[in-house]
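[1] Okay, predicted coordinates and the sequence, questions at the end:
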Amino acid sequence: MAQWYESNRRLFREEREALASACPLLRLAVVAPGFRINSACRLRRESAVVHGMYSLHVPDSDREIEYGVVLELQGNYPNRPPEMFCNDPKLPIGNIDRHIMSDGRACLAVHAEIGRRWPPGSTIIDYLDNLVAPFLAWQAYYDEYQKPPPWGEHSHGAQGIIEYYANLLGRSTDCSVVGFMRLLARKNRPKGHEPCPCNSGKRLRNCHRDLLYDIRQRVAWQDAAHDLTILVRADSSK
């Protein structure tokens, strides 16, 4: 199966030119297997990657800072978002408190939030502006003040997913959040006669139906299903 940059060379050129104009310290290129992403990870296959330095202002400061990053644009891009890897000593690999995995992969947001900020068909610049920049601004604040900022990231892993959906629902992080997620993760819209997952004992139509239907307009059911799968796996591993 052809990679996206082989089947759509025009898109590759457009993305490369837009990136060079907006972020001259970053470069879009096709690299061979074995390309070193960072000290902990190499590419296993030929891929299109964005690599170099990303520059931004430190929040609440007039100082500018640069971070080394690598974005892997996978085979079905732009139907699937890139993945960001950290490649900078200021971004400690394997530090979960900093939302950085053992291979340097950045935990930018829960799956549904990534889908909201970067819907399929978006661009590299959209990804940088809507996902990479907020992540690095959080990191820059942490570096500047040696503490997490009072805004931004949820907890890591399953707890972060619960917090994200609880915020969408306007609820505390109680067990009913998972019940709502099960309805959000359905391909077909839940019926009004079903019990509301808030545990009120009411039918959905007489309780949280409008809220649930509104969130389904903003969160793709596939993304909710992905997040729910992570929760189920985390629960089964306890």
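    Thanks, I have the structure now. Numbering: from 1, shown residues only.

[2] for the protein, what are the low-confidence residue spans?
    Residues of the chain that meet the criterion pLDDT under 70 lie in 1, 152-153, 237-238.

[3] Let me see the ranges of the strands in it.
    Along the chain, counting by DSSP state E, strands occupy 26-31, 36-38, 41-42, 47-57, 64-73, 83-86.

[4] now these as CSV including distance to Pro134 and mean neighbour count?
    Quick note: C-beta positions are derived from backbone N, CA and C, even for glycine. Shown next, in CSV, are the strands of the chain (distance: least, CB to CB, whole Å; neighbours: other CB atoms under 10 Å):
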stretch, distance to Pro134, mean neighbour count
strand 26-31, 17, 16
strand 36-38, 21, 18
strand 41-42, 23, 16
strand 47-57, 10, 19
strand 64-73, 13, 20
strand 83-86, 12, 24
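
[5] can you pull the contacts of the spatially closest residue to Tyr164 that is not a sequence neighbour?
    Leaving aside its chain neighbours, Tyr164 sits nearest to Val110 (4.7 Å; criterion: CB to CB, 6 or more residues apart in numbering). Residues in contact with Val110 (CB atoms under 8 Å, 6 or more residues apart in numbering) are His154, Gly160, Ile161, Tyr164, Asp227.

[6] Could you single out the nearest of those residues to Arg182?
    Nearest to Arg182 among the contacts of Val110 is Asp227, at 11.1 Å by CB to CB.

[7] count of residues packed around that closest one?
    Number of residues near Asp227 (other CB atoms under 10 Å) recorded here: 25.

[8] Then Asn199?
    The number of residues packed near Asn199 is 12, by other CB under 10 Å.

[9] so what are the domain limits for this structure?
    Annotated domains of the chain cover 4-145, 157-236 [automatic domain parsing].

[10] How about stretch 174-194, which residues are buried there?
    If you call a residue buried by 16 or more other CB atoms under 10 Å, then stretch 174-194 has these buried ones: Ser176, Val177, Val178, Phe180, Met181, Leu183, Leu184, Ala185, Pro190.

[11] Kindly report the same for stretch 72-92.
    72-75, 77-78, 81-88, 91.

[12] ok, of the residues you listed, which one's closest to His208?
    Using CB to CB, those come closest to His208 at Pro81, 29.7 Å.

[13] do you know how far the closest one is from Leu228?
    19 Å (CB to CB, to the nearest Å).

[14] In TSV, list the buried residues of stretch 174-194 along with distance to Leu204.
    Listed next are the buried residues of stretch 174-194 as TSV, based on distance: CB to CB, whole Å:
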residue	distance to Leu204
Ser176	13
Val177	16
Val178	16
Phe180	10
Met181	15
Leu183	8
Leu184	12
Ala185	15
Pro190	6
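
[15] Show only the entries of those residues found in helices.
    Among the buried residues of stretch 174-194, the members falling in helices (DSSP state H) are Ser176, Val177, Val178, Phe180, Met181, Leu183, Leu184.

[16] Looking at these, which is nearest Ala48?
    Closest to Ala48 out of these is Leu184 (32.2 Å), distances taken as CB to CB.

[17] pretty sure that closest one is touching Val219, no?
    Yes: counting by CB atoms under 8 Å, Leu184 does reach Val219; the two are 6.1 Å apart.

[18] now the end-to-end length of stretch 22-37.
    22 Å (CA to CA, to the nearest Å).

[19] Need the contact partners of that stretch.
    Stretch 22-37 is contacted from outside by 5, 12, 15-16, 19-20, 42-55, 66, 69-70, 72-73, 85, 87, 103-104, 124-125, 128, using CB under 8 Å, 6+ apart.
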